[in-house]
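J.: I'd like to go over a predicted model; first the sequence, then the structure.
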Amino acid sequence: MAKSHTVFVCSKCGTQTPRWQGKCHECGAWGTLLEEAVPERKLGGMSLNVGTASELISLSEVGNVQEPRFSTGVADLDRVLGGGLVKGSLVLLGGPPGIGKSTLLLQAASYVAQQGDEVLYISGEESPRQIRMRAERLGVMKQSGSCSRITLWSETALENIENQLRGSQAKLVIVDSIQTIYRADLSPAPGSVTQVRECAAALMRLAKGCGITILLVGHITKGGDIAGPRVLEHLVDTVLHFDSHGMHNVRVLRTLKNRFGNTNEVGFLAMDSEGLHPIPNASAFFLSQRALGAPGTVVFPSMEGSRPVLVEIQVLVSDSYAAEQGVPPVRRSVGLDANKLSLLLAVIQKRCHNYSLGKSDVYANVAGGVRLLEPALDLPLSLALVSGRLGIEVSSELVAFGEVGLGGEIRAVSGCEARLIEAAKLGFKKAVMPLRSIDDSLRRTLKNNALNIELVGVQTLAEALRYCGLGSVKRGGSSGKPSAGADPFAEYQ
Ligand code: TYD
Ligand code: MG
């Protein structure tokens, strides 16, 4: 038997060290180093078999062939994959337990089987009976021919899987989950960093060697104490993340890495009693419960990857009673960065003098539970803040986007065309946006698509506020109520 020594492996990033440390020197995580036994490599007296050297090939001689792809039948899954699954690729689907990973993959398996191809579903977590019960809920059993082409296998030993796959006719193999697969000659337990990494590497070789597409499920634990899919990210071709959304039955599918397509793509799916369903018009869905005519709300055409999604920014501003006792007012944000909120409040305070929000409690929210990080959010959020402060509504026919600089200037952002097309399609009539982003080609595109939306180019936040009817009012005396009066931006004109 091979003599073994132990190493300490970081469960977060996979780094190995010979001694235990409280903090991983590579990723900086605390308390993540776990001891694992590693069998000694048998080098003494043996020559290493490195196999036949592969051929050298000039870049120009490499054929210009598109990777052959096939659909999963779930439009949003296809989109985040860059247009379907690539033959012979290894895809990792990560996400917290219970989010619907097995459901999504069984739906994909059912579609592939319906097209006449063989699917092998290897489950180390559930028995074939449990998978059958899920298939019944999803209506897979009703599709003639589909279930006979899906083979279920409760197997966790990598060696058996390797042997099976080498002669397999399957087009798609699902491994649910990578944390349950183990290599018998390695002593660490299944799910440990070494096991997960070695098994995934072996499956990668199989996928490439046999031309089989393999979909791996990977669990992310909250504490990250066992090997999370991060260890695998370098190894696999594509990493997808499946997670919940603010609304309890909405799921978001994101691409974190893709060797065969765009990253940052997003898919929205709704879970009901019959499985996961695409939400084709995400913008209409997120705006469906919009409160028309309420001060403090502005519609923002956000970009989720290459996809525009209209969301409503909501702000509630109220007088802070705590401020009178010298306690700082409340600032709360849901779905957007709290630092961004503070920064914009400071810009408004400094650049638009009469809108002091220093003694107000401010609550900002992205309705529908979407999380936004883009700089283009600055302008609609600033408009919503002032609208909420003054109690004056912003026209419900208007969308706004643009980055706000510390000088109160509006900076250009990307994706204007897609944002405007989506807004016009949903019936919005005006777009307040960076003047710099408006050019002839943008106007031509809108004209060619027969989209009727007025472009309001602005250079400063003051201009944008004034256009929205928030610029020519002054907060009156001690009452705190707005009253018509001097232009607060007079000194910035
Ligand atoms: P599952 O796919 O097992 O999640 P994961 O593989 O990520 O752990 O699905 C988990 C939850 O989804 C489960 O609590 C039940 C729910 N669900 C539905 O709401 N509708 C359905 O049709 C199915 C199959 C599951
Ligand atoms: Mg599962």
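T.: Here it is on my side, so go on. Ligands and ions are numbered 1, 2, ... in the order given.
J.: is it true that residue 415 touches residue 305?
T.: No: the pair residue 415 and residue 305 does not pass the contact test of C-beta atoms under 8 Å, sitting 9.8 Å apart. Every residue, glycine included, has its C-beta placed from N, CA and C.
J.: Return the list of helices and strands in contact with the longest helix seen in the chain.
T.: The longest helix of the chain (DSSP state H) is helix 193-210. In terms of contacts (3 or more C-beta pairs under 8 Å, 6 or more residues apart in numbering; DSSP states H and E), helix 193-210 is packed against strand 4-10, strand 33-39, strand 90-95, helix 158-166, strand 213-219.
J.: ok, residues contacting it?
T.: By C-beta atoms under 8 Å, 6 or more residues apart in numbering, the surrounding residues in contact with helix 193-210 are 9-11, 14, 34, 36, 38, 88-90, 92, 158, 161-162, 165-166, 168, 175, 178-179, 181-183, 186, 188-189, 212-214, 216, 226-227, 231-232, 235-236.
J.: now with 7 Å?
T.: The contact list for helix 193-210, computed with C-beta atoms under 7 Å, 6 or more residues apart in numbering, reads 9, 11, 14, 36, 38, 88-90, 158, 162, 165-166, 175, 178-179, 181-183, 186, 188, 212-214, 216, 227, 231-232, 235-236.
J.: any idea of the mean pLDDT in that helix?
T.: For helix 193-210, mean pLDDT rounds to 90.
J.: where among the helices and strands packed on helix 193-210 is the average confidence lowest?
T.: Averaging pLDDT over each of the helices and strands packed on helix 193-210 puts strand 33-39 lowest, since it has a mean of 75.
J.: ok, then the element right after that one?
T.: strand 69-70 (DSSP states H and E).
J.: What mean pLDDT does that next one get?
T.: On average, strand 69-70 scores 94.
J.: Pairing partners for it, with directions?
T.: As defined by DSSP bridges, the strand partners of strand 69-70 come to strand 85-86 (antiparallel).
J.: How about residues contacting the partner strand?
T.: The contact list for strand 85-86, computed with C-beta under 7 Å, 6+ apart, reads 67, 69, 70, 72, 91, 213, 260.
J.: who in the protein is up against ligand 1?
T.: Taking C-beta under 6 Å from any ligand atom, the part of the chain that reaches ligand 1 is made up of 95, 97-103, 134, 137-138, 271, 273-275.
J.: In the stretch 101-250 of the chain, what residue spans correspond to helices?
T.: Under the criterion DSSP state H, counting those that start in this stretch, helices of the stretch 101-250 of the chain are mapped to 101-114, 128-138, 158-166, 193-210.
J.: Flag the shaky bits of the stretch 1-150 of the chain, pLDDT-wise.
T.: Residues of the stretch 1-150 of the chain that meet the criterion pLDDT under 70 lie in 1-4, 38-51, 64.
J.: how's the protein carved up into domains?
T.: Using automatic domain parsing, the domain ranges for the chain come out as 4-39, 74-279, 285-492.
J.: who wins for proximity to residue 52 among those?
T.: Smallest distance to residue 52 across the domains of the chain (C-beta to C-beta): 14.0 Å, for domain 74-279.
J.: any idea how far residue 20 is from residue 34?
T.: 9 Å (C-beta to C-beta, to the nearest Å).
J.: These two: which is more packed in?
T.: residue 34 (18 against 10; other C-beta atoms under 10 Å).
J.: and the more buried one, bridged to which residues?
T.: Beta-bridge partners, per DSSP bridges, of residue 34: residue 9.
J.: Now do the contacts for residue 169.
T.: Taking C-beta under 7 Å, 6+ apart, one finds residue 118 in contact with residue 169.
J.: tell me the phi and psi of it?
T.: phi -90, psi 0 (degrees, to the nearest 10).
J.: if we can go back for a sec, quick one: buried ones out of the contacts of helix 193-210?
T.: Buried subset of the contacts of helix 193-210 (neighbour count, 16 or more other C-beta atoms under 10 Å): 9, 11, 14, 36, 38, 88-90, 158, 162, 165, 175, 178-179, 181-183, 186, 188, 212-214, 216, 227, 231-232, 235-236.
J.: hang on, the earlier thing: so what's in contact with residue 20 and residue 34 at the same time?
T.: With C-beta under 7 Å, 6+ apart as the test, residue 20 and residue 34 both reach residue 8.
J.: Run through the strands of the stretch 201-350 of the chain in chain order.
T.: 213-219, 238-244, 250-258, 266-272, 275-278, 297-304, 307-319, 331-334 (DSSP state E, counting those that start in this stretch).
J.: what residues does the third one touch?
T.: I take that to be strand 250-258. Here strand 250-258 has contacts from 76-77, 80, 82, 99-100, 233, 238-245, 262-271, 276, using C-beta under 7 Å, 6+ apart.
J.: Adjacent strands (with direction) for that strand?
T.: Going by DSSP bridges, the partners of strand 250-258 are strand 238-244 (antiparallel), strand 266-272 (antiparallel).
J.: Run the angle between that strand and strand 90-95 for me.
T.: Interaxial angle, strand 250-258 versus strand 90-95 (axes from the mean of the first three to the mean of the last three C-alpha atoms, to 10 degrees): 140 degrees.
J.: Skip the chain neighbours and tell me the closest residue to whatever residue of the stretch 251-400 of the chain ends up closest to ligand 1.
T.: Residue nearest to ligand 1 within the stretch 251-400 of the chain (C-beta to the nearest ligand atom): residue 275, separated by 4.0 Å. With sequence-adjacent residues excluded and distances taken as C-beta to C-beta, 6 or more residues apart in numbering, residue 275 is closest to residue 138, at 4.4 Å.
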